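Chemist: Following is a predicted model, sequence given first.
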Amino acid sequence: MDTSIIILIVCIVVGLILIMIVGGMYNGLINLRNRVKNAFAQIDVQLKRRYDLIPNLVETAKAYMSHEREALEAVIAARNQAQSASSKVAGNATDPDAMKALIGAEAALGGAMGKFFALAEAYPDLKANQNMMQLTEELTSTENKIAFSRQAFNDGVMVYNTKRESFPTNIIAGIFNFKEAEHFEITNEAEREAPKVQF
């Protein structure tokens, strides 16, 4: 065999090996990004459930809390903002700007819900209402599911970001514009606790 043919065969084999390595790294990043998207989809299901419960909770409270209209409207406004932010993250769970907007909207919703429940404490008839008790129980259960799903999401984000930043995958991530994903974290210590919904 001619030396130039051997060199050509070696170059082709080395090229194929490099293509397979790069393809494996790219596919690994795609796999991890899709896992992050799926993990957020699990959160999104629970967030939608919460967003659906909140108007029912407010409607139940309206009859008892007619003088607290401002607080009730603030809860609905915060819910609508959080729902809008959640739908943006659902479109791209690895978009850090969308996640930051959702974290801010969820913080505002948590604050509004906290004020709502603090005001509701002053209405014993509302606390004794069977519908209100059932809704608050469902909301508490949903908050627990959100916390569990958030943990799974953050674990997925950590694995994705670690792979994205590791050498030599970081080169592939940079070439193909794999952005760093944002963790879904509550930054205010008071917001780390689920809203108190016992009546």
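Modeler: Good, I have the coordinates. Numbering: from 1, shown residues only.
Chemist: Please make it C-alpha for all contacts and neighbour counts, starting now.
Modeler: OK.
Chemist: buried sites along the lowest-mean-pLDDT helix or strand in the chain?
Modeler: Sorting the helices and strands of the chain by mean pLDDT, DSSP states H and E puts helix 124-128 at the bottom, at a mean of 83. Buried residues in helix 124-128, counted by 16 or more other C-alpha atoms under 10 Å: Leu126, Lys127.
Chemist: what comes into contact with it?
Modeler: With contacts defined as C-alpha atoms under 8 Å, 6 or more residues apart in numbering, helix 124-128 is touched by Ala61, Tyr64, Ala120, Glu121, Met132, Met133, Phe199.
Chemist: and with 7 Å instead?
Modeler: Ala61, Tyr64, Met132, Met133, Phe199 (C-alpha atoms under 7 Å, 6 or more residues apart in numbering).
Chemist: Count residues in the vicinity of the third one, would you?
Modeler: Applying other C-alpha atoms under 10 Å, we find 21 other residues in the vicinity of Met132.
Chemist: Next, it: secondary structure please.
Modeler: Counting by DSSP: H, G, I helix; E, B strand; the rest coil, the backbone at Met132 sits in helix.
Chemist: you'd agree it is up against Glu59?
Modeler: No: using C-alpha atoms under 7 Å, Met132 is not in contact with Glu59, being 9.7 Å away.
Chemist: Quick one: low-confidence residue ranges for the protein.
Modeler: Residues of the chain that meet the criterion pLDDT under 70 lie in 1, 187-199.
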